[in-house]
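Q: Provided below are the primary sequence and the corresponding predicted coordinates.
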Amino acid sequence: MKKARTARPFSPFRVVVPNRVDIAGGTLDIYPLYLLIGDAMTVNVAVAVRSEVVVRQFRRGAARLTSGNFGISVTAVDTHGFPLGWKLGLLSRALRHFPAVSGVEIRVRNEAPVGSGIGASSALLVALMLAAGKLTGTACRRDETARAAMEIEAAHLKSLTGRQDHLAALRGGIQGIRFSPGRIDVRRLPPGGRAGTMLRDHAFLANTGISHRSSDVNWKMIRGAIDGDGVVLRKFRGIAAAARAAWEAVSAGDPRGTGAAIAEEWAIRKTLAPDVSTPGVEELFPDRRFRRLVSGAKLCGAGGGGMLFGLLRDPDDREALEALLSGTGVSVLPFRLSGGPRFEGIGDGG
């Protein structure tokens, strides 16, 4: 085993990456599902709900990893010494992908709550890998980082994982991700273009307050496809078709078409497993007032709780929708698009 080196003197810095909202086609980014259905696509948008990593110098011969969300910290002789079996085990595993260093303190934080369904844990993993690459001088290309992050996550969770969260964190903007054997084709629309303007005007985001475990829900949906269940495969093909329609509509800045694709995707998705929807959502979506205001809505990620995303029919009805959602106990969040990762220099107290 190589001896850890002490990090060379460096100025403290922060890495900030966006989380994502999946507009349509979530779950299709998980291997091998996209190979089983053909012409698979996932459409997502990076939002200004962020994950961040702060790196500072620490005492010689030691390293520290701290979570601002959990209020926990661990110190080891170097960045390979953090345990794998604690709340930050995923990040501990990711640090072993890079050369071991000491004399550093790494602080991590997510703005999103646990189980939000917007890829916060994956985005934090990407932020840490970008920070570690900068710290150790071993930064990789974007596609290599995305693949490594996916496989590190799968190894840690002992479960199938997707790719869209990492790609959104690394690229920002609005993405249409197509999957084919041996290749991923990612098309990106900037936040400031026609598609971004449409989403800023019409999209909304709200927290149901119900945490979920995406790996559990995803596996319940995927196992039928892996087993060759024809009904399940047809449903996933319907989700893929809805995602392709969503991409065309988003690209054209068409709110009506985008809302219809979201509604179609959700109508299929919620039938894939019993835990995808929630009692609160099943009461809200058929509500006449909600349907009058909203053209399409869904739970983010695998469902089962987390964030609620949808499109207003008329941007002027935003206050009315927010009042309706607040009355059901749902917390409305600002919907803001985001660009890609940012590296920021900070002061000693930053």
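A: Happy to help now that I have it. All of these numbers come straight from a predicted model, not from anything done at the bench. Numbering: from 1, shown residues only.

Q: show me what the helix or strand encompassing Arg56 packs onto, helices and strands only.
A: With secondary structure defined by DSSP states H and E, Arg56 is part of strand 40-57. For strand 40-57, the elements it packs on are strand 13-24, strand 104-110, helix 120-136, helix 164-171, strand 174-180, helix 230-251, judged by 3 or more CB pairs under 8 Å, 6 or more residues apart in numbering; DSSP states H and E. (Each C-beta comes from the backbone N, C-alpha and C, glycine too.)

Q: can I get those in JSON lines including mean neighbour count, distance to Ile262 and mean pLDDT?
A: Rendered in JSON lines, the data for these read as follows (neighbours: other CB atoms under 10 Å; distance: least, CB to CB, whole Å; pLDDT from 0 to 100):
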{"stretch": "strand 13-24", "mean neighbour count": "27", "distance to Ile262": "6", "mean pLDDT": "98"}
{"stretch": "strand 104-110", "mean neighbour count": "20", "distance to Ile262": "25", "mean pLDDT": "97"}
{"stretch": "helix 120-136", "mean neighbour count": "25", "distance to Ile262": "21", "mean pLDDT": "97"}
{"stretch": "helix 164-171", "mean neighbour count": "28", "distance to Ile262": "16", "mean pLDDT": "96"}
{"stretch": "strand 174-180", "mean neighbour count": "22", "distance to Ile262": "14", "mean pLDDT": "95"}
{"stretch": "helix 230-251", "mean neighbour count": "21", "distance to Ile262": "7", "mean pLDDT": "97"}
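
Q: can you list these in TSV and add distance to Leu311?
A: Formatted as TSV, the helices and strands packed on strand 40-57 follow (distance: least, CB to CB, whole Å):
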stretch	distance to Leu311
strand 13-24	9
strand 104-110	26
helix 120-136	22
helix 164-171	19
strand 174-180	14
helix 230-251	10
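
Q: thinking again about what came up before, so which bits of the helix or strand just after the strand holding Arg56 are buried?
A: Downstream of strand 40-57, the next assigned helix or strand under DSSP H and E is strand 63-67. Of the residues in strand 63-67, 63-67 count as buried by neighbour count, 16 or more other CB atoms under 10 Å.

Q: with respect to Ala48, which of those residues is nearest?
A: Proximity of the buried residues of strand 63-67 to Ala48 (CB to CB) peaks at Ser67, which lies at 21.3 Å.

Q: which residues does the closest one form beta bridges with?
A: Ile72, Val108 (DSSP bridges).

Q: which SSE is the closest residue to Arg313 other than its chain neighbours in?
A: In space, and not counting its chain neighbours, Arg313 is closest to Ser295: 4.9 Å by CB to CB, 6 or more residues apart in numbering. Ser295 belongs to strand 294-299 when assigned by DSSP H and E.

Q: give the rounded mean pLDDT of that strand.
A: Strand 294-299 shows a mean pLDDT of 98.

Q: same for it, what does it pack against?
A: Counting contacts by 3+ CB pairs under 8 Å, 6+ apart, strand 294-299 is packed against helix 255-269, strand 307-312.

Q: so which bits of stretch 152-163 are buried?
A: Applying 16+ other CB under 10 Å to stretch 152-163 flags 152-154, 156, 160-163 as buried.

Q: which residue comes closest to the spatially most central residue of the chain once chain neighbours are left out?
A: Closest residue to the average C-alpha location of the chain: Gly119 at 2.2 Å, with CA atoms, centre = their mean. The spatially closest residue to Gly119, leaving aside those adjacent along the chain, is Asp165, at 3.2 Å (CB to CB, 6+ apart).

Q: from Arg96, how far off is that neighbour?
A: Distance, Asp165 to Arg96, using CB to CB, to the nearest Å: 21 Å.

Q: repeat for Ala112
A: Counting by CB to CB, the gap from Ala112 to Arg96 is 25 Å.

Q: which one's more surrounded, the two?
A: Taking other CB atoms under 10 Å, Ala112 and Arg96 do not tie; Ala112 has more neighbours (23 against 15).

Q: the residue nearest to Arg313 contacts Ala261, correct?
A: No - Ser295 is not in contact with Ala261 according to CB atoms under 8 Å; the separation is 9.8 Å.

Q: among the helices and strands packed on strand 40-57, which comes closest to Arg187?
A: Of all the helices and strands packed on strand 40-57, strand 174-180 comes closest under CB to CB, at 4.5 Å.

Q: and that closest one, what does it pack against?
A: Counting by 3+ CB pairs under 8 Å, 6+ apart, strand 174-180 packs on strand 40-57, helix 164-171, strand 183-189, helix 194-202, helix 230-251.
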